[in-house]
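Colleague: Sequence plus the predicted model coming up.
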Amino acid sequence: MMKKIVGSFLTSSKMAYKVRTLQTSQKREKLPTILFTMMKPIARITSYVLGRNVRGAWQKLPQDQQRTYIESMKANRGKFLLSGFFSGAGLYYLYESHIQYCPITGRRKFVALTPDQARMIGEANFTQILEEAEGSIVPETDPVYLQISKVANAILHANRDLSQIYEKTWTLTVIDAPDVNAFVLPSGNIFVYTGLLQTCDGYDEVGVVLSHEIAHVVLGHVEEKLTRTSFLQMVLLVPMSLLWVWIPHDGIGFVTTWFFNSVADIMLELPFSRFMELEADDVGLTLAAKACLDVRKAPQFWNKMSSNRDGALQNEALEFLSTHPADKTRQENLESKIENALKIRAECGCEDLTRKAKTNSKRSS
Ligand SMILES: [Zn+2]
């Protein structure tokens, strides 16, 4: 098994300015990691097995016994309602006891994963991606690697006041592949595909994309999304099992549960994914501004993405089915925040962008 940490930088333990943060949130009980990573298949299989078995056992019962059961269920309606109420109260307690306030946005967040668990999930992914990309990993001495590492370091260094940045050991891996893609794992492992460089106009643009991806990690979006998905699956377990009890044929059962799951995804998960994208855009813009990057490149990038794709209109029509907001929505959201980002840039003592452009053009002429 390949285990390679590529270009580890900004190691928190070496930082002299590391400060102790006040531990204000109460200690929460730790739920097993598998609950978060495997909840979807676990819930789907459980509801199938449970529902089908109940149905099978029911069908085998003689009619008079079925009638007796129905009578007794009717007589004990109150008890069923009471147990339903207590299950609901238990879920509500589980929800409320895992509420945190995001220190960056101030938003109420439902997170049951501990930072350690998120790191472990990220590290498992890291090893897997490295294994899959073996042979196409750009060496650390390559000029392309060095340039991206310079941008990534600038972002991390400028934002080291955030505990979510200085408490992590960051790594950068550049993969030689045509995908227009970059992402960061919750463990702090940055991945950039060389295809992104072909789409980006200069390293400031790569920087704004990286800032967005780092923002997802800073905001703990993976932890929040996994918690939310697992919780929803837990809540949906009862109606899903009942579906399997009432539907007489497996074929119809599979189609119905597929439909039920798709509707649940569209109604409950997709709007949240899009919300997280816009939040990462906002925070990413601030991270980029503090690193003195040309923040104006952010809306430009999304504008380019929408004109690069065939049928921008179609993209918009499909927004409600996509995990990402339409590029136009993102572009407009970013444009409305550029002025503030430029103010942050100025406050951080960054070089004025018009002057920067002049010196750059002088350098290139
Ligand atoms: Zn994103």
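Modeller: The structure has been received and is ready for your questions.

Colleague: Could you use CA atoms for every contact and neighbour count after this?
Modeller: Will do.

Colleague: From start to finish, how long is stretch 177-196 in a straight line?
Modeller: Length of stretch 177-196, first residue to last, CA to CA, to the nearest Å: 9 Å.

Colleague: And the contacts of that stretch?
Modeller: Stretch 177-196 has contacts (CA atoms under 8 Å, 6 or more residues apart in numbering) with 118-123, 125-126, 136, 168-176, 197, 199, 206, 209-210, 213-214, 216-217, 220, 222.

Colleague: can you tell me which of those are in strands?
Modeller: Secondary structure defined by DSSP state E assigns 171, 172, 173, 174, 175 of the contacts of stretch 177-196 to strands.

Colleague: Most neighbours out of the residues you listed, which is it?
Modeller: The most crowded member of the ones in strands among the contacts of stretch 177-196, judged by other CA atoms under 10 Å, is residue 173 (27 neighbours).

Colleague: wait, that residue sits on residue 138?
Modeller: Yes - with contacts counted by CA atoms under 8 Å, residue 173 reaches residue 138, the gap being 7.5 Å.

Colleague: returning to that earlier point: narrow the contacts of stretch 177-196 to just the buried residues.
Modeller: 118-119, 121-123, 125-126, 168, 170-176, 197, 199, 206, 209-210, 213-214, 216-217, 220, 222 (16 or more other CA atoms under 10 Å).

Colleague: can you tell me which of those are in helices?
Modeller: Among the buried ones among the contacts of stretch 177-196, the members found in helices (DSSP state H) are 118-119, 121-123, 125-126, 197, 199, 206, 209-210, 213-214, 216-217, 222.

Colleague: Okay, now the unreliable bits of the protein?
Modeller: Applying pLDDT under 70 to the chain picks out residues 1-30, 306-324, 356-365.

Colleague: Regarding residue 350, what is its secondary structure?
Modeller: Using DSSP: H, G, I helix; E, B strand; the rest coil, the structure places residue 350 in coil.

Colleague: Could you measure from the residue in the chain sticking out farthest from the centre over to residue 246?
Modeller: Relative to the centre of the chain, and counting by CA atoms, centre = their mean, the farthest-placed residue is residue 64 at 53.0 Å. Counting by CA to CA, the gap from residue 64 to residue 246 is 19 Å.

Colleague: for stretch 144-160, the distance to its chain's centre please.
Modeller: Put simply, stretch 144-160 sits 22 Å off its chain's centre (CA atoms, centre = their mean, to the nearest Å).

Colleague: Tell me how many other residues crowd residue 66.
Modeller: 14.

Colleague: And the one 5 residues further on, by the same measure?
Modeller: Look at residue 71: counted by other CA under 10 Å, it has 12 neighbours.

Colleague: Please tell me how far the helix or strand harbouring it is from the chain's geometric centre.
Modeller: In the assignment (DSSP states H and E), residue 71 maps to helix 63-75. Mean-position distance between helix 63-75 and its chain equals 48 Å (CA atoms, centre = their mean).

Colleague: With stretch 55-64 instead?
Modeller: 45 Å.

Colleague: tell me how far the ends of that stretch are from each other?
Modeller: From its first residue to its last, stretch 55-64 covers 17 Å (CA to CA).

Colleague: how about it: buried residues?
Modeller: Residues of stretch 55-64 classed as buried: residue 55 (neighbour count, 16+ other CA under 10 Å).

Colleague: got it, and stretch 142-156?
Modeller: So stretch 142-156, judged by 16+ other CA under 10 Å, has buried residues 145, 148, 149, 151, 152, 153, 154, 155, 156.

Colleague: what about the strands in the stretch 151-300 of the chain?
Modeller: 171-175, 182-184, 189-193 (DSSP state E, counting those that start in this stretch).

Colleague: Compute the number of surrounding residues for the nearest residue to residue 276 once chain neighbours are set aside.
Modeller: Leaving aside its sequence neighbours, residue 276 sits nearest to residue 221 (CA to CA, 6 or more residues apart in numbering; 7.0 Å). Neighbour count for residue 221, taken as other CA under 10 Å: 20.

Colleague: swap in residue 302?
Modeller: Using other CA under 10 Å, residue 302 is surrounded by 20 other residues.

Colleague: quick one, what contacts it?
Modeller: 327, 328, 330, 331.
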